[in-house]
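Visitor: with the sequence up front, the predicted model follows.
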Amino acid sequence: MVDNVKLKHQSIFKLKILGDLKFFLGLKLARSKDGISLTQRKYAISSLEETCYLGCKPATTPMDVTLKLRAGEGDPVSNPFHYRRLIGRLMYLTIFRPDITFAVVKLAQFMSDPHLPYIIKEGKNHQKREIYIYRNGSCSYFRGDALPLCSETPLKLAQYYGVGDKVFQYNLISDSPAEYINKITVAPNVLNATFRDFVEIVFENPTVSVQSYNLDGYSFFLVGMEEGRWSPDKRENYNLLDAVSRHTVQVFPNSWSAILLTFDNAGMWNLRSENAENRYLGQQMYVSVLSPEKSLRDEYNLPLTQQVCGIVKDMPVPAPVYH
């Protein structure tokens, strides 16, 4: 009878028979002699991959039931889209995981106006993340004690107009991430580097997927890449003879990669994850490199046709900085 209906519809409409239903709105259907079973395993795994929590250690509970959250507490989230997206995903997971319903509903109360305390608990844990780590594990996107915030005024533009201190502060994060973070600063991440300074940057990837990072400003040399955690003694294995110059570096799962570079190009460098969502959630920072001689040999002045925005939109164009 079903085949007859298919043939009848095909004679009237242009249809493509896809076979038995296997996936529908995040639900996986499996047929057996005992009947039909439904599961959200594929949807849950994709959610964990998107949020970088796949393969992490499990938590015993999805949320601290004694936690007190209040509307309007703390700084507002600059872009609430990702908060709402994750809450929506968690809501859909409650179909087969009613044990996370309390935590999801509690966080969903603040979807219209989310603030940082709903995302950050005791300065280091994400509330939405705790629900995920109850299911599969935990990890963090931001590095150090500063959570990056995109500025409405381009950082280099603010710096050129002499109002950089109103848009960002230098060196909000330390050279090495702390084991425990008690306070989170939400602001643009900008390091103040010395012109032509020689630096080493180490990337570690504790996740189960490959991570890629791009440096926009100049090239660097990839000198090391190994499995496990990085330590100072790893420098003995660096390739210092014929390392390849590149702009992007890959960091394999549970591995590290090390690069060496010289900040010999004046300007505002951008180090970021190639994954757009990871970049928004913290894997991004800037490095300000200023030439002390203010010479046109090192950097050009702002073009007269340069479009401006943010706080410098109505400000007069400053006199040429570089000569």
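Guide: Received, thanks. Treat the numbers as computed from the prediction; the structure is a model and nothing was measured.
Visitor: which SS class is Ile311?
Guide: Following DSSP: H, G, I helix; E, B strand; the rest coil, the label given to Ile311 is helix.
Visitor: let me know the pLDDT of it.
Guide: For Ile311, the model assigns a pLDDT of 85.
Visitor: what of Leu25?
Guide: pLDDT, Leu25: 75.
Visitor: which neighbouring elements make contact with the longest helix belonging to the chain?
Guide: Determined from DSSP state H, the single longest helix within the chain is helix 81-93. Contact partners of helix 81-93 among helices and strands, from 3 or more Cβ pairs under 8 Å, 6 or more residues apart in numbering; DSSP states H and E: helix 41-50, helix 101-108, helix 127-135. Backbone N, C-alpha and C define where each C-beta goes, glycine included.
Visitor: rerun that using 10 Å as the cut-off
Guide: Contacts defined by 3 or more Cβ pairs under 10 Å, 6 or more residues apart in numbering; DSSP states H and E place helix 81-93 against helix 41-50, helix 101-108, helix 127-135, helix 276-280.
Visitor: buried set for stretch 256-272?
Guide: 256-261, 263, 265-272 (16 or more other Cβ atoms under 10 Å).
Visitor: what mean pLDDT does it have?
Guide: 89.
Visitor: what about it, how long is it end to end?
Guide: 16 Å (Cα to Cα, to the nearest Å).
Visitor: quick one: it to chain centroid distance?
Guide: 19 Å (Cα atoms, centre = their mean, to the nearest Å).
Visitor: do stretch 279-298 as well
Guide: That offset, for stretch 279-298, works out to 20 Å (Cα atoms, centre = their mean).
Visitor: can you check stretch 244-262 too?
Guide: 18 Å.
Visitor: now swap in stretch 155-173 and tell me
Guide: Worked out by Cα atoms, centre = their mean, stretch 155-173 lies 22 Å from the chain centre.
Visitor: with stretch 24-32 instead?
Guide: 31 Å.
Visitor: show me what counts as buried in that stretch.
Guide: Leu27.
Visitor: what are the ranges of the strands in the stretch 101-250 of the chain?
Guide: 120-121, 125-126, 146-147, 185-186, 190-194, 198-205, 211-216, 220-227, 244-246, 248-251 (DSSP state E, counting those that start in this stretch).
Visitor: could you export those strands as JSON lines, including mean neighbour count?
Guide: Formatted as JSON lines, the strands of the stretch 101-250 of the chain follow (neighbours: other Cβ atoms under 10 Å):
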{"stretch": "strand 120-121", "mean neighbour count": "18"}
{"stretch": "strand 125-126", "mean neighbour count": "20"}
{"stretch": "strand 146-147", "mean neighbour count": "24"}
{"stretch": "strand 185-186", "mean neighbour count": "16"}
{"stretch": "strand 190-194", "mean neighbour count": "16"}
{"stretch": "strand 198-205", "mean neighbour count": "16"}
{"stretch": "strand 211-216", "mean neighbour count": "18"}
{"stretch": "strand 220-227", "mean neighbour count": "17"}
{"stretch": "strand 244-246", "mean neighbour count": "11"}
{"stretch": "strand 248-251", "mean neighbour count": "18"}
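Visitor: could you point out which of these sits nearest Leu155?
Guide: strand 190-194 (6.4 Å; Cβ to Cβ).
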